[in-house]
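Q: Kindly generate the corresponding structure for this input.
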Amino acid sequence: MNPVTPNSSSEPAEDRSIYTLIETETIPDHADHWGKEHFIPVAQADWRVLMTNLVSEAGLSHDRFEEFSALLDTLIHMRSYHNNAKLSENYSHLDPDCINQRLNCLDSFSHDACGKTVSKQLDQIMVRANYQKLNRADLIEALKNASEFGMQMDVNFSAFRRLAVYVRGNVVGKRVHRRPLNFYRREEVDVPLYQRLVISFQMTAEACDGDDLHHECLYIKSFKNIPKHDIDMLLPGTKVKMTLADRSKIVLPTLSGLAILIVRLFFVVSMGIYAFASLMFTTTGYAAKSIFGYLRTKDKYQHHLTKNLYYQNLGNNAGVLQQLQNEAEIQDIQECLLGYTMLLLKHPCGATARELDLSAETFIEETVEFPVDFEADDALKKLVELNLVNGDRTRRFVAVPLTDGIKQLQICFRTLINSYSQIFKDEPIAAQDSVTR
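A: Predicted coordinates:
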């Protein structure tokens with residue numbers, strides 16, 4: 001399955017007219033991908049079965065590899081636990097939904113410093129979960145295009161103390177709409193989507209005046225299946241911006257009415273004050289009708305947007321944070337399993353990072369039928385830390401045998417548990433005294 005580029009000539013032109021009536025939006029079961037993916041898009045349980053079957057077909061023990069996978073899964077979870085707990089603790093100071101009162105409250109300066117710390121920790125989580133962070137240029141590019149809902153949006157970036165947008169899953173969805181120019185017949189067009197989109201932001205104090213948002217809080221929101229050019233609609237404080245065509249619907253009828261009024265003034269003076277007032281009322285009413293017609297159209301599309309976002313929202317704040325931490329662990333486990341298995345089976349005499357990268361990406365593409373960027377350097381770094389892979393001066397890496405790999409993971413477990421025991425080694429007497437009391 002070949003990736004599809006959003007700006008390619010093969011993609012149908014998208015009608016962004018305000019007169020377009022959008023009906024449905026779907027993602028086909030085997031959707032094309034308009035960009036190269038950066039994560040392993042397979043469920044954790046299925047990926048583990050896939051790796052185990054590969055090892056079994058190569059003549060190695062199915063049960064031993066199952067044991068290896070279980071140890072690796074649990075060890076990565078334990079190694080991530082304290083970092084995740086520290087992030088969750090820091091975020092509890094900034095969580096707008098937290099119902100547990102913190103005893104040590106932060107002042108305004110501390111909220112800003114804590115927000116900066118949490119944002120850096122969140123960046124690290126998103127890198128592990130293989131999300132791509134959009135830069136300011138990407139966001140501005142999205143603002144240049146009219147939204148799929150037919151409305152230009154205006155975003156005030158100065159209202160944000162910090163803002164980050166992360167995306168994952170570049171697929172081509174299908175959108176069905178009707179246009180007057182096509183006599184309202186159903187039309188299907190391709191729409192580049194992000195399967196997952198996460199936004200974190202902290203507002204300035206000035207931007208929160210009279211709003212439900214609080215500048216002390218860091219907001220984290222997660223969405224699914226968001227069109228590439230509709231990111232601006234998810235940001236707080238966005239306003240619908242009238243296009244030149246929209247303004248002309250109000251200004252032109254009003255000016256034409258005034259012009260007619262001026263011309264007829266010379267003919268209505270002799271008809272009396274009542275005829276003159278009637279003409280003024282008619283012209284004013286026509287202008288008001290044009291204005292309210294635009295407002296009704298804007299409200300209709302805002303309602304359509306709100307309804308769609310209700311179903312596309314996946315979570316908020318602490319709930320999103322926990323889900324991202326889980327996704328990061330899953331990607332770590334899958335990358336380690338794939339890297340170790342490829343070295344064990346495809347490169348028993350060792351391979352460079354480039355060779356491992358090529359083997360892993362070829363295997364993933366054969367499995368999911370679209371290209372995925374595998375970060376071999378990151379996987380090798382984790383495997384070397386766990387002593388599952390040995391490297392030499394020529395930068396070639398060799399996987400340890402499966403039995404030795406299990407032993408190394410068991411050693412890592414004992415080392416991790418002993419590090420916990422070391423922290424409390426001087427506290428048994430104090431603990432005993434507290435129990436006695």
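
Q: so where do the strands sit in this protein?
A: Ranges of strands in the chain, per DSSP state E, are 21-26, 132-134, 152-154, 160-178, 187-203, 219-227, 239-241, 313-316, 389-391, 397-399.

Q: Now for Asn90, how many residues are close by?
A: Residues contacting Asn90 under the criterion other CB atoms under 10 Å number 17. The way it works is simple: take the backbone N, C-alpha and C, and place the C-beta from them, glycine included.

Q: Tell me how far it lies from Gly315.
A: 19 Å (CB to CB, to the nearest Å).

Q: Check Thr117 too.
A: For Thr117, the distance to Gly315 equals 22 Å [CB to CB].

Q: And the pLDDT at the closest residue in space to Ala318 that isn't next to it in sequence?
A: Nearest in space to Ala318, with sequence neighbours left out and distances taken as CB to CB, 6 or more residues apart in numbering, is Asp95 at 5.2 Å. The model reports Asp95 with a pLDDT of 93.

Q: What is the neighbour count of Asp95?
A: Neighbours of Asp95 (other CB under 10 Å): 21.

Q: cool, and Leu409?
A: Neighbours of Leu409 (other CB under 10 Å): 20.

Q: tell me the contacts of it?
A: By CB atoms under 8 Å, 6 or more residues apart in numbering, Leu409 lies in contact with Phe68, Leu71, Leu72, Leu75, Leu386, Leu388.

Q: one more time with 10 Å
A: Shown in contact with Leu409 (CB atoms under 10 Å, 6 or more residues apart in numbering): Glu67, Phe68, Ser69, Ala70, Leu71, Leu72, Thr74, Leu75, Leu386, Asn387, Leu388.

Q: Export these as TSV, with columns for neighbour count and distance to Phe413.
A: What follows is the contacts of Leu409, written out as TSV (neighbours: other CB atoms under 10 Å; distance: CB to CB, whole Å):
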residue	neighbour count	distance to Phe413
Glu67	17	13
Phe68	25	13
Ser69	22	14
Ala70	13	12
Leu71	19	7
Leu72	24	11
Thr74	13	8
Leu75	18	6
Leu386	21	11
Asn387	15	12
Leu388	26	13
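
Q: quick one: which of those residues sit in helices?
A: Glu67, Phe68, Ser69, Ala70, Leu71, Leu72, Thr74, Leu75 (DSSP state H).

Q: any idea how far Met51 is from the second one?
A: Meaning Phe68. Separation of Phe68 from Met51 (CB to CB): 10 Å.

Q: which neighbours do these two share?
A: Common neighbours of Phe68 and Met51, using CB under 10 Å, 6+ apart, are Leu337, Tyr340, Thr341.

Q: just for the stretch 51-200 of the chain, where's the confidence low?
A: Scanning the stretch 51-200 of the chain for pLDDT under 70 picks out the ranges 102-109, 145-152, 180.

Q: go with 90
A: Applying pLDDT under 90 to the stretch 51-200 of the chain picks out residues 82-83, 98-113, 135-159, 173-193.

Q: any low-confidence regions in the stretch 301-437 of the chain?
A: The stretch 301-437 of the chain contains residues with pLDDT under 90 at 301-312, 391-395, 416-437.

Q: From Gln408, how far off is Thr415?
A: In terms of CB to CB, Thr415 sits 10 Å off from Gln408.

Q: what pLDDT, on average, does stretch 230-243 get?
A: What stretch 230-243 shows for mean pLDDT is 74.
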